[in-house]
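In: Here you go, sequence then predicted model.
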Amino acid sequence: MKEKDISFEDKLWKAADRLRKKVEVHEYKYVVLGLIFLRYLSFAFDEGRKNLQKEQEGIPEQFRMRISEDRDYYLADGILYVPEKARWDYIVENATQLNIGEILDEAVETLEKEYPKQLKDVIPKVYI
């Protein structure tokens, strides 16, 4: 039988308890689901980016960077382009900032501006 990592589980519960103190119980699911959705979009973008970079191996270096941030290049390949401020890596880098709620809401707003028909009011902005 595999042993549980109790220290990791304990850290998760402590993080959840800190979050619950600031959020009403009935709103907690929106906070968590919004974070999961942001993480999923970023993960899918990162995977798509890796695949596109593999395809670019024969392209000269000076064109790779330009293409790697070209929104249309991703969309043409069926990949939802995620702007820098909405990427999970950016969120993680700023997770200890006092204004993390604003950073998360800004990430959601950035995605809504990028894809208004698909994402407007889909992800709740409840982080401030």
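Out: Done, it's in.

In: in the longest helix seen in the chain, what counts as buried?
Out: Criterion DSSP state H: the longest helix present in the chain is helix 25-55. For helix 25-55, the neighbour count (16 or more other CB atoms under 10 Å) marks 30, 31, 34, 35, 37, 38, 41, 42, 45, 48, 49, 52 as buried. Yep, even glycine has a C-beta here, placed from its N, CA and C like the rest.

In: And stretch 119-128, by the same measure?
Out: For stretch 119-128, burial by neighbour count (16+ other CB under 10 Å) applies to 119, 123, 125, 126, 127.

In: same check, this time on stretch 110-119
Out: 110, 111, 112, 115, 119.

In: Pull the helix or strand that contains residue 101 out as CSV, backbone CA atoms only.
Out: Secondary-structure element containing residue 101, defined by DSSP states H and E: helix 100-114. Output in CSV follows, covering the C-alpha atoms of helix 100-114 (Å, rounded to 0.1, in the frame of the first residue of the first chain):
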residue,chain,number,x,y,z
ILE,A,100,-2.8,38.7,-6.2
GLY,A,101,-6.6,39.2,-6.3
GLU,A,102,-6.2,42.0,-8.8
ILE,A,103,-3.7,39.9,-10.8
LEU,A,104,-6.2,37.1,-11.1
ASP,A,105,-9.1,39.4,-12.0
GLU,A,106,-6.8,41.1,-14.6
ALA,A,107,-6.0,37.6,-16.0
VAL,A,108,-9.7,36.9,-16.4
GLU,A,109,-10.4,40.3,-17.9
THR,A,110,-7.5,39.9,-20.4
LEU,A,111,-9.0,36.6,-21.6
GLU,A,112,-12.4,38.2,-21.9
LYS,A,113,-11.0,41.0,-24.0
GLU,A,114,-9.2,38.5,-26.2
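
In: following it, which helix or strand shows up next?
Out: Next along the chain after helix 100-114, taking DSSP H and E as the criterion, comes helix 116-119.
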